[in-house]
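Chemist: sharing a model that was predicted from the sequence below.
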Amino acid sequence: MKPLDLGSSIRIARTTRGISISEFALLLSRSVAHMTRIEQNEISIPLNLLYEICDKLEFEIIEIILMASSSEVLAKMDTRLVGVLAYHYLNNMVNQNAKHRIREVINTLKKPTNDINEI
């Protein structure tokens, strides 16, 4: 079974966000060489750093793991685990969508207006 390709997933997530490797290294207080080695799967990633990477890239850890997993790995995963991960991922997406909508309402209410019909 192939190991997880976390480095490539992190690189894809980083470039999706339009962040250069040097900007990314700076965000994480790491050297460019260190982050390059991570993205090339030359060194392992401590779990706390993986969480920090996901936070800075605004990706859920499950997204990175699923991108890194080969179909062979996914096929062997316990279906209950996949269900739990999917539930938490979807629940978080709903919460993020709700937070976004609440922010929109608050921003609308903050706008000065003379006409009640504009709200």
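Modeler: Yep, that arrived.
Chemist: so where's this structure shaky on pLDDT?
Modeler: 1-3, 70-119 (pLDDT under 70).
Chemist: mind jotting down where the helices sit in this protein?
Modeler: Along the chain, the stretches classed as helices by DSSP state H are 6-16, 21-27, 32-39, 47-57, 61-68, 71-76, 79-110.
Chemist: got the contact list for I21?
Modeler: Contacts for I21 were tallied using Cβ atoms under 8 Å, 6 or more residues apart in numbering; they are 14, 32, 35-36, 39. C-beta coordinates here come from the backbone N, C-alpha and C atoms, glycine included.
Chemist: which of these has the most neighbours?
Modeler: Within the contacts of I21, most neighbours by other Cβ atoms under 10 Å means M35, with 23 neighbours.
Chemist: and the contacts of I21, which two are furthest apart?
Modeler: Across the contacts of I21, no pair lies farther apart than R14 and V32, at 12.3 Å, counting by Cβ to Cβ.
Chemist: still on that earlier bit, from the contacts of I21, pick the one nearest F59.
Modeler: Closest to F59 out of the contacts of I21 is R14 (9.4 Å), distances taken as Cβ to Cβ.
Chemist: now do the contacts for that closest one.
Modeler: Going by Cβ under 8 Å, 6+ apart, R14 touches 21, 24, 39, 57.
Chemist: S69 versus that one, what's the distance?
Modeler: Going from R14 to S69 by Cβ to Cβ, to the nearest Å gives 18 Å.
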